[in-house]
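Undergrad: next one to model:
(chains A, B and C)
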Amino acid sequence: MKDNSGFFQRVYEVCRLIPRGRVTSYGAIAKYLGAARSARMVGWAMNSSHSLEDVPAHRVVNRNGVLTGKHHFGGTNAMQQLLEEEGVKVKDLQIINFDAVFWDPMKELSREI
DNA sequence: ATCATGACTCGTA
DNA sequence: CTACGAGCCATGA
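TA: Numbers count the residues shown, from 1 in each chain, chains lettered A, B, ... in the order given. Alright, predicted model coming up:
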């Protein structure tokens, strides 16, 4: 892949690799890509992925397990609703058992990179 | 080429 | 404990 910006494309792919019922953080994806400090870029990449159905951006939250980007999902509880439908309990934009549903690409896909 | 912005993260007060 | 500021890289104008 690397036909497009590259960075975005990689972020999309990692998002697609997120198993249903699990979530990850921007920093985790950024770290997997080799740019732990560029978590902003990951979030921004999601902004572009917002138009792609293949990218479950609702499974990506901040390091605190808070749905920071829910505002971009329609302004309502769309993101929370999607997570709850997959089995992820969310309370006040905060994921419950975040530690249990957290999915680390670096830990799960470490041997690939 | 530079300036400004962004769905984040970390360190210090 | 909470709050604020600075750092970071990529994109768009």
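
Undergrad: which pLDDT value belongs to the closest residue to A:Thr68 other than its chain neighbours?
TA: Excluding the flanking residues, the one nearest A:Thr68 by Cβ to Cβ, 6 or more residues apart in numbering is A:Asn62, at 4.6 Å. C-beta: built from backbone N, CA, C; applies to glycine. For A:Asn62, the model assigns a pLDDT of 94.

Undergrad: tell me, how many neighbours does the nearest residue to A:Gly21 once chain neighbours are set aside end up with?
TA: Nearest non-adjacent residue to A:Gly21, counting by Cβ to Cβ, 6+ apart: A:Gly87, 4.2 Å away. Residues within reach of A:Gly87, counting by other Cβ atoms under 10 Å, total 10.

Undergrad: any idea how far A:Gly27 is from A:Gly87?
TA: 23 Å (Cβ to Cβ, to the nearest Å).
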